[in-house]
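Colleague: Got a sequence here, can you build the structure:
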Amino acid sequence: QAAFRGQLGRRKVRKLRDALAKIQRVWRGWIRGRRVLQQRNDATAAYQALFRGVKLRRLYRQQVQGATRIQARYRGKLARKHTAHLNHVATMLQRNWRRFQGQ
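Modeller: Below you'll find the model as predicted:
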């Protein structure tokens, strides 16, 4: 009878050990799956950040180019206005000089 109780006890311990091993397998698999999922999420976040950076740099470059065009047009307008003024002054000087020469 003691041997039978010992056998039952060993069987119970084996069942508990097997159950514990199964719980550990499931737990470790779940953790491993979460780790893979976390790595995938991290990689996705990195790609998204990379894409956003490219997109923002492109937008910034377009804004800078637009501002540069506006500045160039304004400076061109000022230069044409200044040139027209210089032409007008030169014409006035020539007219007065020729009128002075004609006297």
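Colleague: Nearest to the spatial middle of this protein, which residue is it?
Modeller: Gly53 (1.9 Å; C-alpha atoms, centre = their mean).
Colleague: what pLDDT does it get?
Modeller: Gly53 is assigned 96 on the pLDDT scale.
Colleague: What helix or strand is it located in?
Modeller: Following DSSP states H and E, one finds Gly53 within helix 2-102.
Colleague: now that helix, how far from the centre of its chain.
Modeller: Counting by C-alpha atoms, centre = their mean, to the nearest Å, helix 2-102 is centred 0 Å from the centre of its parent chain.
Colleague: So what's the residue count around Gln48?
Modeller: 10 (other C-beta atoms under 10 Å). All C-beta atoms are positioned from the backbone trio N, CA, C, and that covers glycine.
Colleague: Equivalent analysis for His85, please.
Modeller: Quick note: His85 (other C-beta under 10 Å) scores 10 neighbours.
Colleague: One more: Leu37?
Modeller: Leu37 has 10 nearby residues by other C-beta under 10 Å.
Colleague: List the residues that contact it.
Modeller: Neighbouring residues of Leu37 by C-beta atoms under 8 Å, 6 or more residues apart in numbering: there are none.
Colleague: tell me the pLDDT at it?
Modeller: 87.
Colleague: cool, and the one 3 residues further on?
Modeller: In this prediction, Arg40 carries a pLDDT score of 90.
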